[in-house]
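> Please work out how this folds:
(one chain, ligands or ions: 2)
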Amino acid sequence: MPDLSNMTVSIERAAAILREGGLVALPTETVYGLGANALDPIAVAKIFAAKERPFFDPLIVHVPDIDWMPRVVGQFPEIARQLAQRFWPGPLTLVLPKVDAIPDLVTSGLPSVGVRIPDHDLTRDVLRLANVPVAAPSANPFGRLSPTTAIHVHAQLGHRIDAIVDGGPCRVGIESTILQIDDSGVTLLRPGGISLEDIQSLVGNVKLPVSTVSESPIAPGMLASHYAPRTPLRIVSEAPSSVASTRTGLLVLCNSAAFTQFAQIEELSPTGDLVTAAANFFQALHRLDSAGLEEIIAVRFPENGLGRALNDRLRRAEHHSSDRSST
Ligand code: TXA
Ligand code: MG
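Ligands and ions are numbered 1, 2, ... in the order given. Predicted structure coming up:
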């Protein structure tokens, strides 16, 4: 694998590679994305190949500002306008009817497309210079931990992509909140970097899908097994006072000083702040996953604010573990 320093490029070079149909990992405030020209089906196909991602899982399209919306979506209703005004640039994806120019491969054949304006100056500059909307899923192999540093991207996908723009660690640290907007109103498809409470305070009622964890490809990207470390992970309400193996790791929000029974402890925020916890979440899981542990025990987060998105990611990681132990 080439050095990270040989893979990092300037924004001008990144834009040129995107225009030529290549793959560039881009920093955003949520996680690093693996970008390709969203209007070029061959370039988009390379994303699926590099990630080994199934074609039924649609991609989010990134644009630098609101004036670009007509290049991606066919309608932009008033409620979308309000959400955009409040939360963009930022960790919010809106699913809206797509324009014909967006290939079916991007949307897995759906008539709608997920679109967002990321809150990262480098990436917005790359998008403007490339002058094309960019499809970008998280820059990790399908189902694995999301990358929040350029080093994570390089370690997991460096041999399969053309370049990386290094924008430092991601500020928010978990993926965008995804909202579908249609005649029936606003539906939460994925909890993420903007809390449900903040969205409800702006738009009122938000519908929650029957289950946010599903095996069915009809609920794209909401696969039960996702965001998973290689090490088996188990969720608990409270850290256990004793553990079976000396090679057990602990992921916990705060108050970890009392625990001596774990081989490695990742405390996400000494003050119990969920925003800080989200920013540290994937980095902590990457560290635990590379520590040669037998099991990771994760203490459930409070189910409010960003805790909802963090618990969602934990459930998917745990589901992945139970998949493997049953086969
Ligand atoms: O924060 C993020 O959203 C990051 C950064 C890179 O922007 N991206 C990201 O992409 O998390 P990805 O591919 O890991 O997740 C995209 C998910 C899909 O799995 C699906 O759940 C949803 O977005 N999605 C995209 N287009 C959709 C559509 N047309 N209808 C329903 N869901 C859609
Ligand atoms: Mg992802």
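> burial count for residue 258?
Residue 258 has 8 neighbours, counted by other Cβ atoms under 10 Å. No exception for glycine: its C-beta is placed from N, CA and C like everyone else's.
> And stretch 36-45, what's buried?
36, 37, 38, 39, 40, 41, 43, 44 (16 or more other Cβ atoms under 10 Å).
> From what I see, the fifth one and residue 23 are in contact.
No - with contact defined as Cβ atoms under 8 Å, residue 40 does not count as touching residue 23 (11.3 Å).
> circling back: taking the buried residues of stretch 36-45 one by one, which sit in helices?
41, 43, 44 (DSSP state H).
> can you redo the buried residues of stretch 36-45 as JSON lines with pLDDT and distance to residue 116?
Converted to JSON lines, those look like this (pLDDT from 0 to 100; distance: Cβ to Cβ, whole Å):
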{"residue": "36", "pLDDT": "98", "distance to residue 116": "16"}
{"residue": "37", "pLDDT": "98", "distance to residue 116": "17"}
{"residue": "38", "pLDDT": "98", "distance to residue 116": "12"}
{"residue": "39", "pLDDT": "98", "distance to residue 116": "17"}
{"residue": "40", "pLDDT": "97", "distance to residue 116": "19"}
{"residue": "41", "pLDDT": "96", "distance to residue 116": "21"}
{"residue": "43", "pLDDT": "97", "distance to residue 116": "19"}
{"residue": "44", "pLDDT": "97", "distance to residue 116": "17"}
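> is it possible to export those to JSON lines including distance to residue 285?
JSON lines is the format used below for these (distance: Cβ to Cβ, whole Å):
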{"residue": "36", "distance to residue 285": "26"}
{"residue": "37", "distance to residue 285": "31"}
{"residue": "38", "distance to residue 285": "29"}
{"residue": "39", "distance to residue 285": "34"}
{"residue": "40", "distance to residue 285": "33"}
{"residue": "41", "distance to residue 285": "33"}
{"residue": "43", "distance to residue 285": "30"}
{"residue": "44", "distance to residue 285": "28"}
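> among those, which are within reach of ligand 1?
Among the buried residues of stretch 36-45, no residue lies close to ligand 1 (Cβ under 6 Å from any ligand atom).
> now, which of those residues sits nearest residue 289?
residue 36 (27.1 Å; Cβ to Cβ).
> burial measure for the closest residue to residue 149 other than its chain neighbours, as a count.
Using Cβ to Cβ, 6 or more residues apart in numbering and skipping residues adjacent in sequence, the residue nearest residue 149 is residue 169, 5.2 Å away. Residue 169 has 16 neighbours, counted by other Cβ under 10 Å.
> What parts of the protein come near ligand 1?
Counting by Cβ under 6 Å from any ligand atom, the chain sits next to ligand 1 at 28, 30-31, 33, 57-60, 91, 93, 95, 107, 110, 112-114, 118, 136-138, 175-176, 178, 189-190, 220-222.
> where do the helices sit along the stretch 101-250 of the chain?
Here the stretch 101-250 of the chain has its helices, by DSSP state H, counting those that start in this stretch, at 104-107, 121-130, 150-157, 196-203.
> Just the residues contacting stretch 240-257, thanks.
Residues outside stretch 240-257 that contact it (Cβ atoms under 8 Å, 6 or more residues apart in numbering) are 231, 239, 259, 261-272, 274, 277, 284-285, 288, 291-299, 301-302.
> Now mean neighbour count and distance to residue 227 too, for the helices of the stretch 101-250 of the chain, in JSON lines please.
Output for these, formatted as JSON lines (neighbours: other Cβ atoms under 10 Å; distance: least, Cβ to Cβ, whole Å):
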{"stretch": "helix 104-107", "mean neighbour count": "20", "distance to residue 227": "22"}
{"stretch": "helix 121-130", "mean neighbour count": "20", "distance to residue 227": "21"}
{"stretch": "helix 150-157", "mean neighbour count": "21", "distance to residue 227": "13"}
{"stretch": "helix 196-203", "mean neighbour count": "15", "distance to residue 227": "19"}
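> Pretty sure residue 150 sits against residue 4.
Yes - with contact taken as Cβ under 8 Å, residue 150 and residue 4 are classed as touching, separated by 6.4 Å.
> Give me the nearest residue to residue 164, chain neighbours excluded.
Per Cβ to Cβ, 6+ apart, closest to residue 164 is residue 25, 4.4 Å.
> ok, back up a step: what pLDDT does the model give the residue nearest to residue 149?
Looking at residue 169, its pLDDT stands at 98.
> Could you do residue 241 as well?
88.
> Could you chop this protein up by domain?
11-203, 233-325 (automatic domain parsing).
> Tell me which of those sits most buried.
With neighbours taken as mean count of other Cβ atoms under 10 Å, the domains of the chain reach their highest mean count in domain 11-203, at a mean of 20.
> Quick one: end-to-end distance for that domain.
Start-to-end span of domain 11-203 (Cα to Cα, to the nearest Å) is 36 Å.
> From the chain's centroid, how far away is it?
Chain-centre distance of domain 11-203: 9 Å, with Cα atoms, centre = their mean, to the nearest Å.
> Same check on stretch 187-207?
With Cα atoms, centre = their mean, you get 17 Å for stretch 187-207.
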